[in-house]
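> Any chance you can model this:
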Amino acid sequence: MYLVDLDTYRDPDPQDQAKNVRHLSKYIFPLQYGLRNVFTSESQAKGRYKQPDFTDRESETKRFGPCKTPKRVKDVLALLDKMLWRHGKCRYKIVRDSVCPSKASNIFEC
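The predicted structure follows:
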C-alpha cells in the first residue's frame, strides 16, 4: 500500500512553499512577529472581557503587513517546510481507511 501516489503528486513551487511556510510560522509563533497571543490578554479597566477569535488570523496578519522573519524563527522554517511538504504529499483517506476500516463502506463496495 502506497500512501503517496507518485504518478499524480507534484512538488509545490519553491517560492509558493516558502511563502506558505512563513505564513504558517505567524500562526505558530505569533509573539515573535508582534501579533496577539492566546496566552496573553489585554486587560480592560471597565466592561466585559471578550475573548478574541484566534481561529482565523488572516485579517490580523494583513493589517500587520509584511515583515522580516525573526532570527529565532528562521531555524525552525526548515522543519515547518518539511511538515507542510509531507502534509501535501500524504493521502489521508488511505491512511484513515487502513487504520479505521469502516464496515459500512465494505457493504457498499460489494
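
> Tell me which stretches of the chain form strands.
Assigned strands in the chain: none (criterion: DSSP state E).

> Show the average pLDDT along the longest helix anywhere in it.
Ordering each helix of the chain by length in residues (DSSP state H) puts helix 14-28 first. Here helix 14-28 scores 91 as its mean pLDDT.

> what comes up buried for that helix?
Going by neighbour count (16 or more other Cβ atoms under 10 Å), the buried part of helix 14-28 is Asn20, Val21, Arg22, Leu24, Ser25, Lys26. Glycine gets a C-beta too; all of them are placed from N, C-alpha and C.

> just curious, which of these is nearest to Val76?
The closest of the buried residues of helix 14-28 to Val76 turns out to be Ser25 (Cβ to Cβ; 7.0 Å).

> mind listing what the closest one touches?
Residues near Ser25 by Cβ atoms under 8 Å, 6 or more residues apart in numbering: Gln32, Tyr33, Thr69, Val73, Val76, Leu77, Leu80.

> distance of it from Tyr92?
23 Å (Cβ to Cβ, to the nearest Å).

> Ok, Thr69 next?
The gap separating Thr69 from Tyr92 is 29 Å, by Cβ to Cβ.

> Neighbour count for the two, which is higher?
Thr69 (16 against 9; other Cβ atoms under 10 Å).

> For the more buried one, what are phi and psi?
When read as degrees, to the nearest 10, the backbone of Thr69 gives phi -70, psi 130.

> isn't Val73 right next to Phe29, touching?
Yes: Val73 is within contact range of Phe29, at 5.4 Å (criterion: Cβ atoms under 8 Å).

> How many residues are close by the residue nearest to His23 when sequence neighbours are not counted?
Closest residue to His23 apart from its sequence neighbours, by Cβ to Cβ, 6 or more residues apart in numbering: Thr61 at 7.3 Å. By other Cβ under 10 Å, 17 other residues sit near Thr61.

> residues contacting the residue at minimal distance from the centre of the chain?
The C-alpha lying nearest the average C-alpha coordinate of the chain belongs to Leu24 (Cα atoms, centre = their mean; 5.2 Å). With contact taken as Cβ under 8 Å, 6+ apart, Leu24 is in contact with Leu80, Leu84.
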